[in-house]
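structural data only, the sequence is not supplied:
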């Protein structure tokens, strides 16, 4: 459903949820069998497909209507099977910013990928989710998932953190702590809050959907960073799958960030999922995103959500202190 940018490469990493992967001592959860069935179907399909090109090479991405146009009948069938696509905005260079919706129900989880075009592992995970979530279908407990795989298509096309006007979109949100100017060009906040069309597209989508939960995917910090009420519990559910620390502080100031705007100032549960770089980023985090989707918006046990997506060989991790910040290079 994409323009052959390596989607099938991701499926090599998808034998995540085989039958019997429930942790010892835990009662069998029917969602384990559902997830195992999904995984088995994906593995069976993968065996008959060639690998694609290396996504690290960059280039354009075809999603939704564009995939239909490029792929003919096969592309149309693939796109239709993958959910309901729509264009929610345009980039500075007029590339479409597209969203795809899966499932149904009153509770909405919004997943955002590709704020920074040079965060390739984050982009790989978002694209893998496009292919993987349709396999879940209506089994996500009456929930809706809306996924924007690429918030910054111009930056992705040029391997740039920033958009085509040189603005860091994750410093461009209209927060109380937004400030003009920066000593670091790579985090340039723009001439004014929400000056960029990509930022405004995300704001409009959040205000339209009113999601209960948001997962924003970045790399490379390996942390489940939370903002907003209820987000810490969701981050712990994700940590039980990916083994990353849980933190309420990313380790450095982020004025004008999406997490501050949506989480701290609008009261939405936001987890900024900072994935590792390399081939394991997708394997370790498909289940973590599903744990966020399954986690009750109003709270609940982290184990109840993570139990449905336990990874083989990665039993429930012991989440680290919520006050611990990652002492590594900057991502978000």
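That came through, no problem. None of these values were measured; they are calculated from a predicted model. Numbers count the residues shown, from 1 in each chain.

between the two ends of stretch 131-143, what distance do you get?
18 Å (CA to CA, to the nearest Å).

quick check: mean pLDDT of it?
Mean pLDDT, computed over stretch 131-143, is 78.

in it, what's buried?
Residues of stretch 131-143 classed as buried: 131, 132, 133, 134, 135, 136, 139, 140, 143 (neighbour count, 16 or more other CB atoms under 10 Å). To be clear about C-beta, it is placed using only N, CA and C from the backbone, and glycine gets the same treatment.

in JSON lines: the residues you listed, plus distance to residue 259 and secondary structure.
Formatted as JSON lines, the buried residues of stretch 131-143 follow (distance: CB to CB, whole Å; DSSP: H, G, I helix; E, B strand; the rest coil):
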{"residue": "131", "distance to residue 259": "27", "secondary structure": "helix"}
{"residue": "132", "distance to residue 259": "24", "secondary structure": "helix"}
{"residue": "133", "distance to residue 259": "23", "secondary structure": "helix"}
{"residue": "134", "distance to residue 259": "28", "secondary structure": "helix"}
{"residue": "135", "distance to residue 259": "29", "secondary structure": "helix"}
{"residue": "136", "distance to residue 259": "26", "secondary structure": "helix"}
{"residue": "139", "distance to residue 259": "29", "secondary structure": "helix"}
{"residue": "140", "distance to residue 259": "24", "secondary structure": "coil"}
{"residue": "143", "distance to residue 259": "22", "secondary structure": "coil"}
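
out of the residues you listed, which comes closest to residue 108?
Taking CB to CB as the measure, residue 108 lies nearest residue 143 of these, at 7.6 Å.

quick one: contacts for the closest one?
Residue 143 makes contact with 103, 105, 107, 108, 109, 293, 294, according to CB atoms under 8 Å, 6 or more residues apart in numbering.

of these, grab the buried ones for ChimeraX.
To isolate the buried members of the contacts of residue 143 in ChimeraX, using 16+ other CB under 10 Å:
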select :103,107,108,109,293,294
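
could the contacts of residue 143 go into CSV alongside distance to residue 193 and pLDDT?
Shown next, in CSV, are the contacts of residue 143 (distance: CB to CB, whole Å; pLDDT from 0 to 100):
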residue, distance to residue 193, pLDDT
103, 33, 88
105, 33, 88
107, 29, 93
108, 25, 96
109, 26, 97
293, 30, 94
294, 34, 93
